[in-house]
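1. output the structure for:
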Amino acid sequence: MKPQPGLGIRRQLDRESLGELEGSVEPGPPWIHTVSKEIVDSVSDQEKKRQEAINEVIYTECDFVRDLEYLRDVWVVPPRTPDIIPESRRAEFIQLVF
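-> Numbering: from 1, shown residues only. The predicted model follows:
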């Protein structure tokens, strides 16, 4: 998600709150469904489990990055915009909160 000026951020992200993201983001397909049958047949069961674990780590890291982007775009960036907090108080507020 790229931040957009003004209320565009809020409208876009309200539809994708953390709760909605958790419910709507599905894990990727199992590793065995992303490679050819020849590859699946050529590796051991231990390697299949290893590849599934790697696939799961990649998925959870991507999900974590989405959560961080949400926090940045909804909670960190908006207070820095001129119309939210008066400029005379903005720097102190950002320092105290973040």
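2. for the one helix or strand residue 63 maps to, buried residues please.
-> For residue 63, the host element (DSSP states H and E) is helix 45-71. By 16 or more other Cβ atoms under 10 Å, the buried positions in helix 45-71 come out as 51, 55, 66, 69-70. From N, CA and C alone the C-beta is placed, and that goes for glycine too.
3. what distance do you get for the most centrally placed residue in the chain to residue 59?
-> With distances taken as Cα atoms, centre = their mean, the residue of the chain nearest its centroid is residue 66 (0.6 Å). According to Cβ to Cβ, to the nearest Å, residue 66 and residue 59 sit 11 Å apart.
4. for residue 39, same thing?
-> Residue 39 is 20 Å from residue 59, by Cβ to Cβ.
5. got it, and residue 72?
-> 21 Å.
6. residue 35 now?
-> Distance, residue 35 to residue 59, by Cβ to Cβ: 16 Å.
7. likewise for residue 93?
-> Using Cβ to Cβ, residue 93 is found at 36 Å from residue 59.
8. can you list the weak-confidence ranges in the chain?
-> Scanning the chain for pLDDT under 70 picks out 1-26.
9. helices along that one, start to end?
-> Assigned by DSSP state H, the chain shows helices spanning 7-14, 18-24, 37-42, 45-71, 87-97.
10. residue 78 is in contact with residue 84, isn't it?
-> Yes. The pair residue 78 / residue 84 is scored as a contact, 5.7 Å apart, by Cβ atoms under 8 Å.
11. so which of those two has more stuff around it?
-> Set residue 78 next to residue 84 and count neighbours by other Cβ atoms under 10 Å: residue 78 wins out with 17 against 11.
12. now stretch 43-51, how far from the centre of its chain.
-> 28 Å (Cα atoms, centre = their mean, to the nearest Å).
13. ugh, typo on my part, it should be stretch 43-62
-> For stretch 43-62, the distance to the chain centre is 20 Å (Cα atoms, centre = their mean).
14. same check on stretch 72-90?
-> The chain centroid and the centroid of stretch 72-90 are separated by 22 Å under Cα atoms, centre = their mean.
15. and it, how far apart are its ends?
-> 17 Å (Cα to Cα, to the nearest Å).
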